[in-house]
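**Student:** structure for the following, please:
(chains A and B)
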Amino acid sequence: MVKMTGAEMLLECFKKERVSQIFGYPGGVVLPIFDALYKDPSLSVVLTRHEQGAVHAAEGYARSTGEVGVVLVTSGPGATNTVTGLADANMDSIPLVVVTGQVPTKMIGNDAFQEADIVGISRSCTKHNYLVRDISELPRIMKEAFYIARSGRPGPVLVDVPKDVIVDRAEFRYPETLALRGYNPTVHGNRWQIRKAAGLIAKAKKPVLYVGGGVISSDSHAELAELVSLTKIPVTLTLMGLGAYPGNDPLFMGMLGMHGTYTANMAVHHSDLLIAVGVRFDDRVTGKISEFSPHSKVIHIDIDPTSIRKNFRVDVPVVGDARLILSDLLEDVRKIQEEEGLADLADWHEQIAHWKEEHPLTYRHDTEIIKPQFVIEKAFDLTGGDCIVSTDVGQHQMWTAQYFKFLRPRTWLTSGGLGTMGYGFPAAIGAQRAFPKARVIAVTGEGSFMMNIQEMATVASMEIPVKIVVLNNKYLGMVRQWQEFFYGGRYSSSFVGQSPDFVKLAEAFGVAGFRATRTGEVEDVLLKGLSTKGPVLMEFMVDPEENVFPMVPAGGSNIEMIFEAPPASSGKASRPSRKEKDSVITA
Amino acid sequence: MSLSPQKRHYIQVLVENRFGVLSRVAGLFSARGYNIESLSVGAGQDPSVAQMTIVTVGDDHVVEQITKQLNKLVDTIKVVDLSTTPFVSRETILVKVNTTTRPEDRQEAFRIAEIFRASIVDSSPSTYTLMATGEEEKIEAMIALLRPLGIKELVRSGTIAIAREEVRISSRGSRHENEITA
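**Tutor:** From the prediction side, this is the model:
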């Protein structure tokens, strides 16, 4: 058998795992790997302009395809720059394999040039990580890394490969089987528990399906749709779950939680049976946990046993893969329906219709000043939802979650758990690489966009046709909203009016740029932007003081939603006027 | 979540005997804010496995999370919360005491060692080093009695614990019981 270098072996491992796309950035110790990539055109590399961008791009690729995203970076700063992306993927259960270079084994611990203990640093923000100490371990570790990343509750796995292992030579044998005695995720749900769950579902008078990202990770949207069509149970989705159930379906109540709809939060609160699928009862979802869904019995389906009873009580826990569990559950519910029939939900549906009417999602339209919600609505109308949308973090993220109706799974990419500003644009790049013909829109704000703006060079140089929508309100909007409501209107460090001219900047990068400053221009700019070939930036100068509603103030109960600025926030009068303030800050 | 009383738990963890595993376990406790009262590690019968005993304090909910989180680590092979079954726990200490603070101290140290079945593993003209093994209560009691002599140095091994075999009523069983209370 011919001997291979560690670098060549790595590429062989990638191919064995059906990888075709790598996101990365070269540097000292990984040069032999990049050299091997140069000679092997079957693996395509996207050179991002920052390692953080590479990890988010791989996340976007992974979330939009369901495959493992692959990142390759160098040691030291290359490795430490991946940490935010790793933490993001870890929170949102995104499967990644991140390969980092490391200084030669003999120099580890000597504070060598570009040395960082990335295995130590990333331990708490990866699902698992490895330091390859000998070339003979490399194939086994790579096989384990991919398996761990994609199985069970998915997550990022980091593999640190020292320079001497990269250049060493050995025979390549990819293991056929895995020997991980400590890792064996439960996939099949307990049948007895599932039968119990079916019994509760059949009898519940006010059931609610509370569904999250786990349904997307496990590709169980079809089983979910079947369960809903059989039982007519209304559905609410978490931020990570959007797209798991069609956003335009009458049984969809919208997102729940801090910026969820009135209907979803009321329904969960008054529910007598909460069917939680692929969710982890995040604090942004539950609000004050002691007052969350106080009257319900709880069925909790999740593949991660630690999610169960971590934050919230449960009556029927079912650990396993949501797709397998939902199809077993369907079978059991169908049997009950045939034998005894299901509870009548007419009153419950009527109540929900009443809530929908009482407080629909709404904003005050303005014919002059652009309302950010209007831009999102228009983007949905013009595309018919036939696109992949990513966001950064903040107000624009919530407006997109509320006003864009996601119709299919894996068309919505957002940073939910970690809340990473700078996630959205590179994530869109990753999705666009996976689906070169799809329309991919990155919705961002002028604050978040600046956090990974360098990736404009990536899209320009590789002609990746991502469409960027910047909602520019001159503020770190969500920070400003909290300051208006809860900090007496003292806008400390939230005014970013001195942003660059994004249209000119886009042009400087080689990206087409358009701007809308009045409501009347929104549709034109969107049409022009979406129909222009190649990467495009569209900037919308939106109402600087628009707020995200409804809102559950932090620590409040989910039924204490507010629909306008709280009276306590009329600190507005005492704070300096906008004009004075702006001049103070820009001075 | 409903509050249950704080209790001491003895958790046995079987992990892969690999580089970095200890820091994964220790890191899990610090990252999630769990207590570690003591932790002891050593290679198991199978040298590819390491055996840990972790003593932690928490209510039922916290301890349930601890065992689940430990299980979630890829390198963890098995987790047993011994507190749910009968078990035996032991700790070893080495303690160096002054024997010249008061005139009777050298004999006093000797007597204390006898009472607690400690052995004197080192001696100098002014000190004894005692080694004792036992359950926490015994160890604490011995330390309390030695304190007036002046403890120069104290080293504790951390607790190790093992589940009891099913208790059988027999004459052997009673002798077994005697050993345990010793």
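
**Student:** ok, and the closest non-adjacent residue to A:Leu274?
**Tutor:** Nearest residue to A:Leu274 in three dimensions, chain neighbours excluded: A:Ser296, at 4.3 Å (CB to CB, 6 or more residues apart in numbering or on different chains). The C-beta positions use only the backbone N, C-alpha and C, and glycine is treated the same way.

**Student:** wait, the one you found touches A:Ala276, no?
**Tutor:** No - counting by CB atoms under 8 Å, A:Ser296 stays clear of A:Ala276, with 9.8 Å between them.

**Student:** hang on, A:Leu224 packs against A:Tyr210?
**Tutor:** No - if you go by CB under 8 Å, A:Leu224 and A:Tyr210 don't touch, sitting 11.6 Å apart.

**Student:** can you pull out the low-pLDDT segments for chain A?
**Tutor:** Residues of chain A that meet the criterion pLDDT under 70 lie in A:568-587.

**Student:** redo that, cut-off 50
**Tutor:** A:571-587 (pLDDT under 50).

**Student:** tell me what the longest helix along chain B is packed against?
**Tutor:** With secondary structure taken from DSSP state H, chain B has its longest helix at helix B:60-72. If contacts are counted by 3 or more CB pairs under 8 Å, 6 or more residues apart in numbering or on different chains; DSSP states H and E, helix B:60-72 sits against strand B:7-16, helix B:21-31, strand B:49-58, strand B:76-81.

**Student:** got the ones you listed as TSV, with mean pLDDT and distance to A:Phe281 columns?
**Tutor:** Shown next, in TSV, are those (pLDDT from 0 to 100; distance: least, CB to CB, whole Å):
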stretch	mean pLDDT	distance to A:Phe281
strand B:7-16	95	24
helix B:21-31	94	19
strand B:49-58	95	20
strand B:76-81	96	23
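
**Student:** and A:Thr420, which of the ones you listed is closest to it?
**Tutor:** When the helices and strands packed on helix B:60-72 are compared by CB to CB, helix B:21-31 sits nearest A:Thr420, at 18.8 Å.

**Student:** next, the angle strand B:7-16 makes with the helix or strand just after that closest one.
**Tutor:** On the C-terminal side of helix B:21-31, the nearest following helix or strand under DSSP states H and E is strand B:38-43. Here the directions of strand B:38-43 and strand B:7-16 differ by 20 degrees (axes from the mean of the first three to the mean of the last three CA atoms, to 10 degrees).

**Student:** tell me which residues in strand B:38-43 are buried?
**Tutor:** Across strand B:38-43, burial judged by 16 or more other CB atoms under 10 Å in any protein chain shown covers B:38-41.

**Student:** return only those of the residues you listed found close to chain A.
**Tutor:** Contacts with chain A are made by none of these, judged by CB under 8 Å from any CB of the partner chain.

**Student:** from these, which is closest to A:Pro372?
**Tutor:** B:Leu39 (52.2 Å).

**Student:** residue contacts, residue 11?
**Tutor:** In the absence of a named chain, chain A is used. A:33, A:36-37, A:40, A:43 (CB atoms under 8 Å, 6 or more residues apart in numbering or on different chains).

**Student:** other chain: chain B
**Tutor:** Neighbours of B:Ile11 in contact, by CB under 8 Å, 6+ apart: B:53-56, B:63, B:66-67, B:70, B:79-82.

**Student:** residues from chain B in reach of chain A?
**Tutor:** Selection of chain B residues close to chain A by CB under 8 Å from any CB yields B:1-2, B:15-16, B:19-20, B:23-24, B:27, B:31, B:61, B:64-65, B:68-69, B:71-77.

**Student:** show the buried residues in those residues.
**Tutor:** Looks like the residues of chain B next to chain A have B:1, B:15-16, B:20, B:24, B:64-65, B:68-69, B:71-77 buried, using 16+ other CB under 10 Å.

**Student:** measure the spatially most central residue of chain A to chain B for me?
**Tutor:** Nearest to the mean C-alpha position of chain A, by CA atoms, centre = their mean, lies A:Thr414 at 3.2 Å. In this view, A:Thr414 and chain B are 25 Å apart by CB to the nearest CB, to the nearest Å.

**Student:** equivalent analysis for A:Leu47, please.
**Tutor:** Applying CB to the nearest CB, the value for A:Leu47 to chain B is 31 Å.

**Student:** domain-wise, how is chain B divided?
**Tutor:** B:7-85, B:88-161 (automatic domain parsing).

**Student:** how far out from the middle of the chain is the last one?
**Tutor:** Averaged C-alpha coordinates place domain B:88-161 at 16 Å from its chain's average position (CA atoms, centre = their mean, to the nearest Å).

**Student:** which residue comes closest to the spatially most central residue of chain B once chain neighbours are left out?
**Tutor:** Central residue of chain B (CA atoms, centre = their mean): B:Thr159, 1.2 Å from the mean position. Nearest residue to B:Thr159, sequence neighbours excluded (CB to CB, 6+ apart): B:Glu91, at 4.6 Å.

**Student:** what are the bridge partners for that neighbour, then?
**Tutor:** Judged by DSSP bridges, the bridge partners of B:Glu91 are B:Gly134.

**Student:** so it makes contact with B:Thr133?
**Tutor:** Yes - shown here, B:Glu91 and B:Thr133 form a contact pair, counting by CB under 8 Å, at 7.1 Å.

**Student:** of the two, who's got more company?
**Tutor:** With neighbours defined as other CB atoms under 10 Å in any protein chain shown, B:Glu91 and B:Thr133 compare such that B:Glu91 has more, 22 against 15.

**Student:** got a list of what that one touches?
**Tutor:** By CB under 8 Å, 6+ apart, B:Glu91 lies in contact with B:38, B:133-136, B:139, B:156-160.

**Student:** now those residues in a markdown table, with pLDDT and distance to A:Thr84?
**Tutor:** Conversion of the contacts of B:Glu91 to a markdown table gives the following (pLDDT from 0 to 100; distance: CB to CB, whole Å):
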| residue | pLDDT | distance to A:Thr84 |
| --- | --- | --- |
| B:Ser38 | 94 | 35 |
| B:Thr133 | 97 | 49 |
| B:Gly134 | 96 | 49 |
| B:Glu135 | 94 | 47 |
| B:Glu136 | 91 | 44 |
| B:Ile139 | 96 | 46 |
| B:Arg156 | 95 | 40 |
| B:Ser157 | 94 | 41 |
| B:Gly158 | 93 | 36 |
| B:Thr159 | 95 | 39 |
| B:Ile160 | 95 | 40 |
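
**Student:** just the buried ones from those residues, in ChimeraX syntax?
**Tutor:** ChimeraX command restricting the contacts of B:Glu91 to the buried ones, with burial defined by 16+ other CB under 10 Å:
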select /B:38,134,136,139,158,159,160
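
**Student:** and the contacts of B:Glu91, which is closest to chain A?
**Tutor:** Using CB to the nearest CB, B:Ile160 comes nearest to chain A of these, at 21.1 Å.

**Student:** now B:Trp128: how far from B:Lys96?
**Tutor:** Trp isn't right for residue B:128; it's Tyr. Distance, B:Tyr128 to B:Lys96, by CB to CB, to the nearest Å: 7 Å.

**Student:** what does chain A put close to chain B?
**Tutor:** Taking CB under 8 Å from any CB as the measure of proximity, chain A contacts chain B at A:119-120, A:123-124, A:127-128, A:131, A:133, A:148, A:180-183, A:304-306, A:309-313.

**Student:** which among these end up buried?
**Tutor:** Buried members of these, counted by 16+ other CB under 10 Å: A:119, A:123, A:127-128, A:131, A:133, A:148, A:180, A:182-183, A:304-306, A:309-310, A:312-313.

**Student:** out of these, which sit inside strands?
**Tutor:** Counting by DSSP state E, those place A:128, A:131 in strands.

**Student:** let's see which of the buried ones among the residues of chain A next to chain B end up in helices.
**Tutor:** A:119, A:148.

**Student:** look at the residue lying farthest from the centre of chain B and give its secondary structure.
**Tutor:** Relative to the mean C-alpha coordinate of chain B, counting by CA atoms, centre = their mean, the farthest residue is B:Pro103 (33.7 Å). Classification of B:Pro103 by DSSP: H, G, I helix; E, B strand; the rest coil places it in coil.

**Student:** no further queries at this time; thank you.
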